[in-house]
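> sharing a sequence plus its predicted fold:
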Amino acid sequence: MYAVADRLIVRGAREHNLKGVDIDLPREKMIVFTGLSGSGKSSLAFDTIFAEGQRRYVESLSSYARMFLGQMDKPDVDFIDGLSPAVSIDQKSTNRNPRSTVGTITEVYDYLRLLFARAGTAHCPECDAKIERQTPQQIVDQVLDMEEGLKFQVLAPVVRTRKGEFVDLFADLAAQGYSRVRVDGEVHQLTNPPKLEKQIKHDIEVVVDRLQVKASQKQRLTDSIETALKLADGVVALEFVDTGDIRRFSEKMACPNGHTLSVEELEPRAFSFNSPYGACPTCDGLGTKQEVDVDLIIPDPDAALNAAIQPWTSSPNSKYFDKLIEGFAESIGVDPKAPYSSLSAANKKKVLYGSKEVVSVRYKNRYGRVRNWSAPFEGVIPFLHRKSDETESAWSKERYQSYMREVPCDSCGGARLKPEILSVRLASSEGEKSIAGLTDLSIKDAAQFLTTLQLNAREQIIAGAVLKEINARLKFLLDVGLEYLTLSRSAGTLSGGEAQRIRLATQIGSGLAGVLYVLDEPSIGLHQRDNQRLIKTLQRLKEIGNTLIVVEHDEDTIKAADWLVDIGPKAGEYGGEVVYQGEPAGILECDESLTGAYLSGRRVLGVPDERRALDPERMLKVVGARENNLDDIDVEIPLGILTCVTGVSGSGKSTLINRILATTLANELNGARQVPGRAKRVEGLEHLDKLVQVDQSPIGRTPRSNPATYTGVFDKIRNLFAETTEAKVRGYKPGRFSFNTKGGRCEACHGDGTLKIEMNFLPDVYVPCEVCNGARYNRETLEVHYKGKNIAEVLDMPISEAAEFFEPITSIHRYLNTLVEVGLGYVRLGQSATTLSGGEAQRVKLASELQKRSKGRTIYILDEPTTGLHFEDIRKLMLVIQGLVDKGNSVVVIEHNLDVIKAADWVIDMGPEGGSGGGRVVAVGTPEHVASVVGSHTGTFLRDLL
């Protein structure tokens, strides 16, 4: 055992379903918490140990800081001793800001900006010549080469986008004899300088001289240029009076061929797409723009002109647009009932982009009044852009933008930066790269590029320390299995597992010691091949002096732990106890532990006795898939069976199934309007009539959403309460039992049960409402009971208990029983959607879809449905999935879990590697066949299980 000083001691933990847990954990070790979903692992790890660590940290701050942070509730625990500063790395806090990238999150981009600013070579964007420094004489010669007689003023930019009042600066300039300054574009006399706002950024330029382009004024021009360069630290600007154009010159950097673009001294901020100094002015550094997609506007070109334009025919004002199209058709001399496809190319262009022909429209407005209107025809595309920009309604903006797609910016091509910044390059033995070109490489290729840089002796001294930091961070990203990502990848497109592993790599890079790290299933989304690399990373974090608590179901991670805690024995109210704690080997002998039963082989997730045969006549075929890293591949997906799509992270699974197949099916079968990934076509759609796509996105983004509302069972429960004698006596209708409408809800919190506290620079915090104590309803509504329980008590029941409670009511029991079947019996019926994990949200959606009747022509697409599931929960889930296939439906699952893969009828293995090394089909066939394919990483691990 460990000495007392080396232990983290928890006594009497009762948070959520925990039953007075007492536990001693070794410090500076890797501890794994495991157990069934809902057994209490997260309650102990996050809501007790981490929450108390965070609370103690806040209490250690000054009273001034605590005023902003608010009072944090103490977890329901008697005491915790031996607690270190705690850091949580979970899956829910992924940054969705479009300006955040893998590079910015990991701080690699910050070091790259410094590297390019100090060691990069600038080139002219127009002629690609190396940019040289300009002497005052060169600047004068360029000015004298201009058209004679041009009037201009010589400006010295002494302040560029800096906050302040600059009173002393104005006084100093006046004392030096200058009479005029240009402030934020306006010229002022220094005898009466402007009063500036202290908190606003300003540009201030001294007017050094006013001149004309004349050879006779060469000496005066030279003196003025030299004065301006001295005043503004090597920069001078010339403003041409007649045109208002401004040309900047730098004593430090300029094109030798005289091109007008002059680059000032390179600074790290110039390479930031989040700074006005570097960001592309067209897209403001986003790299993309919204462009109207003609295929979404006119989904059926063979439809009549007056029925073909989707945004107008589906509009609430469709009658007005009918008249508008009739008037337009008359103006160009075509029949409004003629097919759109029969129009000439010129007339199609007018429909889309507008025309000068005046259209007269006579229509009735919503009040029944007849109105006449005449104007040039605007065109559908300008109309959508205008309405999207003008509307203040989020719903309307979403509607207009549903006809648009994101495309790379025309100016920067998606690189986010100004052309003069993109012309700064680093040279290596593999060629030259700009900062955008380098970040577009995979992390693996970027690391290789940086090891072959060609730097002179001076540059090596300057770049040495920076390269050391960059290479160290890239190595950490490689160690956690993310070599296929690019540094330019937007944070919003990362999966929960990828985002968590990036934060894990960042923490290792920080080099902190003596910290308690609490991690939530870091192996999510990771192929078995990469598991050992992740485990080595976790062990490295431990070895530098940290304690790790890892909530995990993965067998390899459990076996690699120094200390194992199994919470159970079951989920919800039947869990909350420590079933086993000790070294991992000991759990194999623990009869009470379900985890031990699976690890020891007493229980197994078996292989089917017989796999379903595929029908060659019922196939989906994706032809010519080339989105992202897909290598123009053709893939056949059998229908009527369970198909698993596998492969290492980044191999192209999600791109093929979600971006191409699911999006195409959603458009064709469900009437969606989405832009699918690039592929020639998808064949075999006639075999299906419905798509059900179940992913891990939240079922709602506020505490108002919960499993009861999402599945629709709450409507039936409200109806049941409205039928009680007490409700009828009081005249209560079903609406009285809704927490979304006035009447029955608590008005203090508007039925949320919680109040949102804005935390300024921290995430918002939700605290229980003091009036209803979180019940959501007012006192009168809570006086109505069904079988001894009020509506709030019913919502607070675990779903398994609610299923028993409502067993006689078939319509309600059926919904609840399905939730139990997919392993959600421990979740409370009214549990806030914001507290559900990605895996739980996915299973709520799956249960909701299972309630709907299927004709056997439905395809279900599931994205890693075993996320967050224990072996026993996976067994239950597989029974549900196999049941769907037995009814004649098709199920396609993207999955890494070998227990699911070995139970599939058909496997499509992508790879062989991630990123540019993937995008191809490595193996196709039964699990037995894939296991025999030499080049398949999935097959290698399947061999031991079959």
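Nice, I can see it. Numbers count the residues shown, from 1 in each chain.
> quick one: low-confidence parts of the chain?
1-5, 68-71, 91-96, 254-264, 366, 496, 701, 758-766 (pLDDT under 70).
> in it, which residue is most central in space?
Most central in the chain under CA atoms, centre = their mean is G492, positioned 1.9 Å from the mean C-alpha point.
> next, E577: phi, psi?
E577 has phi and psi values of phi -120, psi 150 when expressed as degrees, to the nearest 10.
> find the nearest non-adjacent residue to it, please.
Excluding its sequence neighbours, the residue lying closest to E577 (CB to CB, 6 or more residues apart in numbering) is K19, at 5.4 Å. C-betas here are computed from N, CA, C, even on glycine.
> helix/strand/coil for C644?
Of the three states, C644 takes strand under DSSP: H, G, I helix; E, B strand; the rest coil.
> then D24?
Applying three-state DSSP: D24 is strand.
> burial measure for it, as a count.
Residues near D24, counting by other CB atoms under 10 Å, number 17.
> what pairs with the residue nearest to it when sequence neighbours are not counted across the strands?
In space, and not counting its chain neighbours, D24 is closest to R7: 5.0 Å by CB to CB, 6+ apart. Beta-bridge partners recorded for R7 (DSSP bridges): P26.
> burial count for R7?
Close neighbours of R7, defined as other CB under 10 Å, add up to 16.
> same question for the one 4 residues further on.
R11 sits with 14 neighbouring residues when counted by other CB under 10 Å.
> where's the nearest residue to it once chain neighbours are set aside relative to D22, distance?
Leaving aside its sequence neighbours, R11 sits nearest to D78 (CB to CB, 6+ apart; 4.6 Å). Look at D78 and D22: by CB to CB, to the nearest Å, they are 9 Å apart.
> quick one: common contacting residues for those two?
Taking CB atoms under 8 Å, 6 or more residues apart in numbering as the contact rule, D78 and D22 both touch R11, G12, A13.
> correct me, but G545 touches A513?
Yes: if you go by CB atoms under 8 Å, G545 and A513 touch, sitting 3.5 Å apart.
> what backbone torsions are found at the nearest residue to Y178 once chain neighbours are set aside?
Nearest non-adjacent residue to Y178, counting by CB to CB, 6+ apart: V206, 5.4 Å away. Dihedral pair for V206: phi -80, psi 130, per degrees, to the nearest 10.
> which residues sit in contact with V206?
Counting by CB under 8 Å, 6+ apart, V206 makes contact with L155, A156, V158, L173, Y178, R180, V181, R182, A228, L231, A232.
> could you redo the last one with a cut-off of 6 Å?
A156, V158, L173, Y178, V181, L231 (CB atoms under 6 Å, 6 or more residues apart in numbering).
> report the buried members of those residues.
Buried members of the contacts of V206, counted by 16 or more other CB atoms under 10 Å: A156, V158, L173, Y178, V181, L231.
> for the stretch 51-200 of the chain, what spans make up the strands?
With DSSP state E, counting those that start in this stretch, the ranges of strands along the stretch 51-200 of the chain come out as 79-81, 86-89, 151-163, 180-183, 186-189.
> in CSV, list these along with distance to G684.
Listed next are these as CSV, based on distance: least, CB to CB, whole Å:
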stretch, distance to G684
strand 79-81, 58
strand 86-89, 42
strand 151-163, 58
strand 180-183, 67
strand 186-189, 67
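> which of those sits closest to T835?
With CB to CB as the criterion, T835 lies closest to strand 86-89 of the strands of the stretch 51-200 of the chain, at 14.6 Å.
> and the closest residue to A672 other than its chain neighbours, backbone torsions?
Closest residue to A672 apart from its sequence neighbours, by CB to CB, 6+ apart: A666 at 3.9 Å. Note on A666: its backbone torsions stand at phi -60, psi -40 [degrees, to the nearest 10].
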